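Student: Build me a model:
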Amino acid sequence: MAGVITASRPSWIAPFTGCSPRSFGTLVAQLRQKGADTVRRGRPWSLPLEDRVLLVTAYWRTNLTLRQLAPLFGVSKSAANRIVGHLSPLLALKPRRRFRKSTVLIADGTLVPTRDHTVAERSKNYRYSTNHQVVIDADTWRVVVVGRPLPGNRNDCKAWALSGDEDAVGRTTVIADGGYRGTGLVIPHCRERGQSELPAWKEEHNSSHRQVRARVEHAFAHMKTWKILRDCRLKGDGVHHAMRGIARLHNLALSR
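Tutor: Below you'll find the predicted structure:
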């Protein structure tokens, strides 16, 4: 059965990956170096690696069920499920380990509605969600770390340490919002008890802080154009792999 969507037609790449055909080719080459296309025992893959990668990104982008998506690539639902399970961990973004002394990072948490109640909890959006702590580079706007997902009822100050982000960034300067009190991150000035308003210089600092911190919100807005982050049906580590894979695609889109 012939599929409708194929990476051999470059016009399909940008809508489902958010990056240019050239960046997509670079991604596929990196996956080949990792051994994603090595010959394995048993039945060979029915799709070339380029089409398998496009299937996974299309799944994240559209959030169609695999029963709906598989016929568009000319494969069965079970084959599509195996492709997603095999490639999703390989597509995941690797956290950056080293930072220049002058680097400034921005951290924030975002909620991803997740149907697997073993990893999600009811949160302030009144849905079962997972809390994902994300760190971006303030200069390049690229995602550098995506922490392990935590139940959505965990507040950001606790999730920052439990997700692994705190260990990943080390002593690098990180700015965040007021929800990260006590974490050692650079947060806005807050009014003390009995203080009606902040001094002018503190208000000026807060204004500058908000302008810079808004960059992480723009990153979230771009990443959530992948609709799986609005209602994730994946179980177990699936939401973690999807979040990190989409972060990698976000970075690729910025490199165009």
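Student: Would you map the helices across the chain?
Tutor: 13-17, 21-33, 49-62, 66-73, 77-91, 156-162, 165-169, 200-223, 238-254 (DSSP state H).
Student: Show me what counts as buried in the fifth one.
Tutor: Of the residues in helix 77-91, those with enough neighbours to count as buried (16 or more other CB atoms under 10 Å) are 79-80, 83-84, 87-88, 91. In short, each C-beta sits where N, CA and C put it, glycine included.
Student: same for it, what does it pack against?
Tutor: Judged by 3 or more CB pairs under 8 Å, 6 or more residues apart in numbering; DSSP states H and E, helix 77-91 is in contact with helix 21-33, helix 49-62, helix 66-73, helix 238-254.
Student: Report the angle between the second one and helix 238-254.
Tutor: If you take axes from the mean of the first three to the mean of the last three CA atoms, to 10 degrees, helix 49-62 sits at 100 degrees to helix 238-254.
Student: got the domain boundaries for the chain?
Tutor: As given by automatic domain parsing, the domain ranges for the chain are 10-91, 104-235.
Student: Please name whichever of those domains is nearest to Gly245.
Tutor: domain 10-91 (3.9 Å; CB to CB).
Student: Can you give me the first-to-last residue distance of that closest one?
Tutor: Chord length of domain 10-91, first to last residue, is 20 Å (CA to CA, to the nearest Å).
Student: Output the helices of the chain in TSV; the columns should cover distance to Ser102 and mean pLDDT.
Tutor: Shown next, in TSV, are the helices of the chain (distance: least, CB to CB, whole Å; pLDDT from 0 to 100):
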stretch	distance to Ser102	mean pLDDT
helix 13-17	32	92
helix 21-33	27	93
helix 49-62	34	96
helix 66-73	44	94
helix 77-91	30	95
helix 156-162	22	93
helix 165-169	14	94
helix 200-223	15	92
helix 238-254	20	95
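Student: So for Arg40, which of those helices sits nearest?
Tutor: So among these, helix 77-91 is nearest, using CB to CB, at 9.4 Å.
Student: contacting residues around the closest residue to Phe24 other than its chain neighbours?
Tutor: Nearest residue to Phe24, sequence neighbours excluded (CB to CB, 6 or more residues apart in numbering): Ile13, at 4.9 Å. Ile13 makes contacts with 7, 19-21, 24, 54, as judged by CB atoms under 8 Å, 6 or more residues apart in numbering.
Student: what separates the residue of the chain most remote from its centre from Val212, distance-wise?
Tutor: Most distant residue from the mean C-alpha position of the chain: Gly194, 40.8 Å away (CA atoms, centre = their mean). For Gly194, the distance to Val212 (CB to CB, to the nearest Å) stands at 30 Å.
Student: Ok, Trp226 next?
Tutor: 25 Å.
Student: now do Ala168
Tutor: Taking CB to CB, one finds Ala168 at 20 Å from Val212.
Student: which one of those two has more residues nearby?
Tutor: It is Ala168, of Ala168 and Val212, that has more neighbours when counted by other CB atoms under 10 Å, with 19 against 13.
Student: Contact partners for the residue nearest to Ile106 when sequence neighbours are not counted?
Tutor: Spatial nearest neighbour of Ile106, excluding adjacent residues (CB to CB, 6+ apart): Val216 at 4.4 Å. Residues near Val216 by CB under 8 Å, 6+ apart: 106-108, 134, 136.
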